[in-house]
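> take a look and give me a structure for this.
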Amino acid sequence: MAARPSIRGLAPYFKRLGPRTQVALCQLPLSLIVGVLGVISPFSSPSLLASPLYLAGIALNVILFLACFLTPWERLRPSAYLIIPVLDLLAIGLLRNSALAQLPGLAVLAVFPVIWLAASGILVRTSLVLSAVGPFLIMLPSAAGKFPNITGTDITPLVLVPLVMFAVSLAIRFASVNMRVQQRELQAMGEELRELLAASREREKLLMTILDATDVGIVAVDADGNELLTNDRQRRLQQAATPAGAAAGDENHHLIFAQDKVTPLPPNKYPLRRAIEGETFADYLVWIGESPQQRAVSTAARPLMNDGGRLTGAVVVFSDVTGMVEAMAANEELVSNVSHEFRSPLNSILGNIDLVLEDAEGLSDLTVRRLEVVQRNSERLLALVSDLTLEAFSALKVHPKRTDISGLVETSIGSAQAQAERSSVALVADVPSPLWAYADPLRIGQALDNLVSNAIKYSPDGGTVTISAAGTEDWVRLVVQDTGMGMAPDVAAKVFRRFFRADSAREAAIPGAGLGLSITKTILERHGGAIACASALGGGSTFTMTLPVESGG
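As a prediction, this is how the structure comes out:
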């Protein structure tokens with residue numbers, strides 16, 4: 001009902017007030033000033049008490065202030081309260097013209113009703129006219145009293161005060177209009193934000209429904225490790241990894257084990273902890289929970305970066321691969337058993353052929369050649385059986401200890417020297433001594449022999465095989481590089497698969513079963529290390545083995 005406040009912060013306060021209180025508050029500033037005038041007049045200008053017009057002005061203001069409380073504005077038209085500022089102009093005119101000699105500046109009080117009229121937001125033209133006409137009528141009696149001897153000094157206030165009040169009214173009107181426009185824009189923005197919030201909540205609900213429907217655990221964390229998002233599957237995995245009586249957030253006591261299902265992983269090797277440190281990995285296998293409910297979980301992590309490239313968190317995916325791991329274990333057990341059963345008859349065949357060939361004087365040359373063919377192929381089958389046996393998990397137990405890698409390199413080069421000379425391949429070693437790593441010397445020697453033998457075998461036209469190594473505080477990197485036939489990058493990505501052989505190797509009739517590199521990869525993984533291959537067709541190959549320096553590294 002009352003004038004709209006020009007200060008945005010007062011709007012909520014005004015809305016909680018009744019119409020009468022709103023009108024009284026708009027009238028209060030002028031009433032306070034007039035009240036002060038009424039109190040000090042007997043002391044500063046006693047003669048004013050003898051002026052009926054002065055007393056009428058004060059009385060009119062008091063009546064208007066009381067009318068603000070007593071009038072039922074809520075029952076009247078919305079613009080009815082504007083009678084108060086109009087009558088204020090009359091009261092100011094009575095006060096100003098009756099006390100012109102004693103208080104010549106009272107005309108400035110007209111600014112209060114002018115502001116009220118301008119800020120009301122209703123009766124726009126009428127309020128603008130009153131803002132100029134009211135002050136003009138207030139100033140008119142003093143100028144008219146000097147007619148016809150009126151001077152420019154007398155005319156100036158008559159013109160200037162109404163113009164100033166009109167300008168004030170226009171400024172307030174423009175400010176009010178601008179504020180109302182801004183308010184509408186803010187309301188529109190608020191509505192848009194509410195719609196966006198509702199849409200965001202719907203999308204979040206849809207996202208969580210999709211995530212909960214997947215059969216993999218997903219968790220997103222910030223840079224401090226606080227969970228931002230997690231699905232039902234991941235919550236169940238976290239529950240399985242939490243021992244009885246331990247707090248869900250106490251990750252230092254989680255039931256997370258290495259690939260042997262027995263050795264507890266140190267907290268700094270937990271998938272989530274590695275992801276928070278900014279690592280990117282895939283197919284990182286861990287075992288979660290206690291036997292017999294232990295689950296094999298393959299994990300992958302990707303970091304979250306802001307626009308400046310700064311790490312802000314990570315997303316980690318947990319896939320339950322227990323069924324696949326158990327199937328692979330059963331398959332490897334079958335391979336191991338079958339290989340073992342093959343070994344005995346093959347050894348028997350080879351032994352008997354050796355005995356026959358030792359006493360071959362009564363045999364024809366053709367029979368001897370055929371027996372030698374049988375011998376070579378039996379030896380090849382025995383080598384294949386040995387590889388199959390080593391490929392089985394049960395045959396690839398590792399017993400790591402503090403080992404000097406330089407000694408293993410020296411032994412491997414010595415073992416391969418004869419093969420290298422037959423193939424016109426030069427062997428070069430660049431390994432510091434000593435170079436310590438946490439490794440099983442038998443298995444790492446086997447892996448190194450595989451790589452060096454392959455490097456020589458795939459350099460049919462001669463060349464150089466270089467074995468180099470370097471260590472850091474945490475890792476030792478052992479590199480075997482050749483200048484042989486090499487392979488395409490897409491083929492190099494598959495060389496660690498079981499039974500995989502490149503087309504170029506088959507075309508060159510290079511013997512092999514495609515198990516050596518698979519065995520080597522398994523050996524490195526058993527140590528907690530890794531192996532990688534980089535190659536180019538016709539440009540040689542480089543194999544890099546990574547081993548921890550200390551236990552659990």
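> from now on I want contacts and neighbour counts done on CA atoms only, so please keep to that.
Noted.
> what residue ranges in the stretch 451-553 of the chain score low on pLDDT?
Low-confidence segments of the stretch 451-553 of the chain (pLDDT under 70): 501, 503-514, 552-553.
> how near is residue 515 to residue 86?
Distance of residue 515 to residue 86, computed by C-alpha to C-alpha, to the nearest Å: 103 Å.
> those two: which is more packed in?
Neighbour count, other C-alpha atoms under 10 Å: between residue 515 and residue 86, residue 515 has more, with 21 against 18.
> so the more buried one versus residue 110, what's the distance?
Residue 515 is 102 Å from residue 110, by C-alpha to C-alpha.
> isn't residue 55 right next to residue 46, touching?
No: taking contacts as C-alpha atoms under 8 Å, residue 55 lies outside contact range of residue 46: 12.0 Å.
> of these two, which one has the most company?
A count of neighbours by other C-alpha under 10 Å puts residue 55 above the other of residue 55 and residue 46, at 18 against 11.
> which residue ranges make up each domain of this protein?
8-188, 215-320, 329-394, 396-548 (automatic domain parsing).
> for residue 491, give me its contacts.
Applying C-alpha atoms under 8 Å, 6 or more residues apart in numbering, we find residue 491 in contact with residue 502.
> so it is in which element?
Per DSSP states H and E: residue 491 is located in helix 489-492.
> list phi and psi for the residue with the largest distance to the centre of the chain.
The outermost residue of the chain relative to its centre, with distances by C-alpha atoms, centre = their mean, is residue 148 at 84.5 Å. With angles defined as degrees, to the nearest 10, residue 148 sits at phi -90, psi 10.
> how about residue 535?
phi -150, psi 160.
> surely it is in contact with residue 489?
Yes: judged on C-alpha under 8 Å, residue 535 makes contact with residue 489 at a distance of 5.9 Å.
> worst mean pLDDT among the domains of the chain?
Here the lowest mean pLDDT among the domains of the chain goes to domain 329-394, at a mean of 72.
> quick revisit: dump the domains of the chain into TSV; add distance to residue 206 as well.
Shown next, in TSV, are the domains of the chain (distance: least, C-alpha to C-alpha, whole Å):
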stretch	distance to residue 206
domain 8-188	27
domain 215-320	12
domain 329-394	39
domain 396-548	37
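> what is the helix or strand residue 131 falls within packed up against?
Take DSSP H and E as the rule and residue 131 turns out to sit in helix 124-144. For helix 124-144, the packing partners by 3 or more C-alpha pairs under 8 Å, 6 or more residues apart in numbering; DSSP states H and E come out as helix 83-98, helix 111-119, helix 152-213.
> adding distance to residue 33, write the ones you listed out as JSON lines.
What follows is the helices and strands packed on helix 124-144, written out as JSON lines (distance: least, C-alpha to C-alpha, whole Å):
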{"stretch": "helix 83-98", "distance to residue 33": "11"}
{"stretch": "helix 111-119", "distance to residue 33": "11"}
{"stretch": "helix 152-213", "distance to residue 33": "19"}
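> what's the most buried one of those helices?
For the helices and strands packed on helix 124-144, the largest average neighbour count (mean count of other C-alpha atoms under 10 Å) is found in helix 111-119, namely a mean of 25.
> so it versus helix 152-213, what angle?
Using axes from the mean of the first three to the mean of the last three C-alpha atoms, to 10 degrees, the inter-axis angle of helix 111-119 relative to helix 152-213 is 40 degrees.
> which other residues reach helix 111-119?
Under the contact criterion C-alpha under 8 Å, 6+ apart, helix 111-119 has outside partners 3-6, 26, 29-30, 82, 85-86, 88-89, 124, 127-128, 130-131, 165, 168-170, 172-173, 176.
> what angle do it and helix 124-144 make?
Orientation check (the same axes, to 10 degrees): helix 111-119 against helix 124-144 gives 160 degrees.
> quick check: angle from helix 111-119 to helix 83-98?
Orientation check (the same axes, to 10 degrees): helix 111-119 against helix 83-98 gives 150 degrees.
> just the CA atoms of helix 111-119, as CSV, please.
Taking Å, rounded to 0.1, in the frame of the first residue of the first chain, the C-alpha atoms of helix 111-119 are listed here in CSV:
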residue,chain,number,x,y,z
VAL,A,111,11.7,17.1,-0.3
PHE,A,112,10.1,14.6,2.0
PRO,A,113,6.6,14.5,0.5
VAL,A,114,8.2,14.8,-3.0
ILE,A,115,10.3,11.7,-2.3
TRP,A,116,7.3,9.9,-1.0
LEU,A,117,5.2,10.8,-4.1
ALA,A,118,8.0,9.8,-6.5
ALA,A,119,8.9,6.5,-4.8
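> quick check, distance from it to the centre of its chain.
Offset of helix 111-119 from its chain centre (C-alpha atoms, centre = their mean, to the nearest Å): 54 Å.
> equivalent analysis for stretch 288-295, please.
Relative to its chain's centre, stretch 288-295 lies at 31 Å (C-alpha atoms, centre = their mean).
> buried sites along that stretch?
Buried residues in stretch 288-295, counted by 16 or more other C-alpha atoms under 10 Å: 288-290, 294-295.
> between which two of these is the distance greatest?
Taking C-alpha to C-alpha as the measure, those span a maximum distance of 8.5 Å, between 290 and 295.
> now do the shared contacts for the two.
Counting by C-alpha under 8 Å, 6+ apart, nothing touches both residue 290 and residue 295.
> tell me the strands in the chain, going along the chain?
216-222, 227-230, 256-257, 281-288, 295-305, 311-320, 401-404, 425-430, 436-439, 463-471, 475-482, 530-535, 541-548 (DSSP state E).
> which secondary structure elements does the fourth one sit against?
It stands for strand 281-288. When contacts are defined as 3+ C-alpha pairs under 8 Å, 6+ apart, strand 281-288 packs onto helix 232-241, strand 256-257, strand 295-305.
> give the buried residues for the helix holding residue 491.
Buried positions in helix 489-492, judged by neighbour count with 16+ other C-alpha under 10 Å: 491-492.
> centre of the chain to that helix, how far?
For helix 489-492, the distance to the chain centre is 33 Å (C-alpha atoms, centre = their mean).
> got it, and stretch 473-486?
Mean-position distance between stretch 473-486 and its chain equals 36 Å (C-alpha atoms, centre = their mean).
> same thing with stretch 59-68?
Centroid separation for stretch 59-68 versus its chain: 65 Å, with C-alpha atoms, centre = their mean.
> stretch 65-77 too?
What separates the centre of stretch 65-77 from the centre of its chain is 59 Å, taken as C-alpha atoms, centre = their mean.
> what of stretch 220-234?
On the basis of C-alpha atoms, centre = their mean, stretch 220-234 sits 10 Å off its chain's mean C-alpha point.
> excluding chain neighbours, give the residue nearest to residue 483 in space.
residue 540 (4.2 Å; C-alpha to C-alpha, 6 or more residues apart in numbering).
> hey, where'd the helices end up in the stretch 351-500 of the chain?
Remark: helices assigned in the stretch 351-500 of the chain by DSSP state H, counting those that start in this stretch are 365-391, 405-422, 441-457, 489-492.
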